[in-house]
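*Asks:* When you get a sec, could you give me coordinates for this:
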Amino acid sequence: MRIRNLSKSLIALALVAIAAQSQSASGAKLTLGDIFVADFGLDAIVKVDAVTGDRTFVTGQGVGTGVTLSQPRGLAVDVRGSLIVSDASRRAVFRVDPITGDRTIVSNNMTGLGPEFAVPFALAVRPNGDFYMTDVGLGAIFLVDAASGNRSVISSTTIGAGPILGNPTVLGLSPDGKLVVGDQRLNVLLEVDPASGNRTLISGGGVGTGPSVVSPLGMAFDLFNDILVSHNAQNILRVNSITGNRSIVSGGTIGSGVAFTDLRGLARELSGQLLAVDEDLDAVIRVDPQTGLRTILSDAGHGLGPVFQTPEAIATVVHFVPEAEPIPQFAALVFAALARRLTRIGR
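*Replies:* Prediction:
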C-alpha cells in the first residue's frame, strides 16, 4: 500500500510540475476567443472583450517597449502566442507580446535580408510561423521568415503568371491551405501559388456569378471553406471557393441591425460568427453569417475603455500551436524515480 501511495505521490508531483511549466509556455499568452483590433489612428493594438465589448490597450499609447507603431495596417495571430503587425509608415513588421505590449521588429530594411518593403499591408501566418504579406506599394506578395526576418517576393509584376497585381489589399490562408488574395484595383479574388507565384482567378473578372467584387479590404473563411470578403465598404460577400459564385451575407437589405458605412477587416469567431470593423462607425460589429444580423459589440457607446479612432484590421484567436516546451527538469527526475521504483516492484 505504501508503494502504491508513493507512486501516486510521484505522479502527482510530476503533473504539478508540468502544469506549472505549461502556464509559463508562450502559448498561454493568448486565450481562444481573444479579439484584437489594429487602430492606425491610435497607433495601437486594442483588445476587445468578446462579451462586454470593453477595450484595453495591448500595445501603443504608452503600453509596451520598443519602436512605436505608426499606421498599423495588418494584424495576425502568431502560432506561438504573439501578435504580428504590419506598419505602413515604419515599413516594418512587428511582433507584439500580448501580455507586456513589448514590440520587436521582425523584418524591415535593417532586420533580415531581401527586397525592402514599400507599404506593408495585409498578413497571413503559415502553420510554421512564417507569414505572407501584401505590399500595396510594390503590388507584390512577400514571404517573411519569422525567425530571421529574411524577405522574398513570391508573386509580383515580374514573378508568376496570371492577372497582374494592382493593389493587393487583403489575403488569407484558407482552411485547405490555399493562399487567397483580394485586389482592390482589379476587384477580384486570386489564388496565388507560393512556389511559382502564378495567380489564378477565383472570383471576379468574369469568373463566378452574383454581385461584383468591389474594393475587398477584409477577408475571412467560414466553416465550409467559403471565402467571406468585404464588398464596396457596405456589404459582406460569400464567395464559393470552387465556382467563384458570390452572394451577399450581410449589408443593404440582407440582415437587420446597424448599417455598414466603411467596412474594413473581417475575422471569424470560434462560434462561426463574424466580426467586422467599420472605420466610419469606429466600431466592431458582430455578424450572424446565416441571417446577416448585425450587432455592435464595441464602440463609444458599447463597452468601456479607449474609444476607437480608425480601426483597420481585426484578428481573433481561433487556434494556435503553443511553442513546444521541454518537460521541466524536476518532472523528468520524478518520472525517472517512478520508473526505478516500478522496476524494483516488478522484480
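*Asks:* Show me where the stretch 201-347 of the chain has its helices.
*Replies:* 329-346 (DSSP state H, counting those that start in this stretch).
*Asks:* can you map out the strands along it?
*Replies:* With DSSP state E, counting those that start in this stretch as the criterion, the stretch 201-347 of the chain has strands at 219-221, 227-231, 235-239, 246-250, 263-268, 274-278, 283-287, 294-298, 311-316.
*Asks:* to the chain's geometric centre, what's the distance from the shortest one?
*Replies:* Read that as strand 219-221. Put simply, strand 219-221 sits 10 Å off its chain's centre (C-alpha atoms, centre = their mean, to the nearest Å).
*Asks:* In space, what's closest to the residue nearest the centre of the chain - neighbours in sequence excluded?
*Replies:* Nearest to the mean C-alpha position of the chain, counting by C-alpha atoms, centre = their mean, stands residue 76 at 2.7 Å. Leaving aside its chain neighbours, residue 76 sits nearest to residue 123 (4.1 Å; criterion: C-beta to C-beta, 6 or more residues apart in numbering). In this view, the C-beta of every residue, glycine as well, is placed from N, C-alpha and C.
*Asks:* And that neighbour, which helix or strand is it part of?
*Replies:* In this structure, residue 123 is located in strand 120-125 according to DSSP states H and E.
*Asks:* what's near enough to touch the residue nearest to residue 100 when sequence neighbours are not counted?
*Replies:* With sequence-adjacent residues excluded and distances taken as C-beta to C-beta, 6+ apart, residue 100 is closest to residue 64, at 6.1 Å. If you count contacts by C-beta atoms under 8 Å, 6 or more residues apart in numbering, residue 64 has them with 58, 96-97, 100-103.
*Asks:* Show me which of those are buried.
*Replies:* 58, 96-97, 101-103 (16 or more other C-beta atoms under 10 Å).
*Asks:* shouldn't residue 89 be in contact with residue 71?
*Replies:* Yes. Using C-beta atoms under 8 Å, residue 89 is in contact with residue 71, at 4.0 Å.
*Asks:* Pick out whichever of the two has more residues nearby.
*Replies:* residue 71 (18 against 14; other C-beta atoms under 10 Å).
*Asks:* Just the buried positions in stretch 210-221, please.
*Replies:* In stretch 210-221, counting by 16+ other C-beta under 10 Å, buried: 210, 213-221.
*Asks:* swap that for stretch 159-167, please
*Replies:* Buried, per 16+ other C-beta under 10 Å, within stretch 159-167: 159-160, 162, 165, 167.
*Asks:* Inside helices: which ones of the residues you listed?
*Replies:* Members of those lying in helices (criterion: DSSP state H): none.
*Asks:* Report how many residues lie close to residue 178.
*Replies:* Neighbours of residue 178 using other C-beta under 10 Å come to 18.
*Asks:* Next, the residues that contact stretch 142-162 from outside, please.
*Replies:* So stretch 142-162 is contacted by 78, 84, 93, 95, 105-108, 111-117, 120, 129-135, 138-141, 164-165, 190, 192-194, 196-201 (C-beta under 8 Å, 6+ apart).
*Asks:* can you tell me the helix or strand for the spatially closest residue to residue 84 that is not a sequence neighbour?
*Replies:* Among residues not flanking residue 84 along the chain, residue 76 sits closest, at 4.7 Å (C-beta to C-beta, 6+ apart). Using DSSP H and E, residue 76 maps to strand 72-77.
*Asks:* Just checking: what are the partner strands of that strand?
*Replies:* Each strand paired with strand 72-77, and its direction, by DSSP bridges: strand 83-87 (antiparallel).
*Asks:* how close does residue 100 sit to residue 59?
*Replies:* Between residue 100 and residue 59 the computed distance is 8 Å (C-beta to C-beta, to the nearest Å).
*Asks:* Please apply the same query to residue 127.
*Replies:* Residue 127 is 25 Å from residue 59, by C-beta to C-beta.
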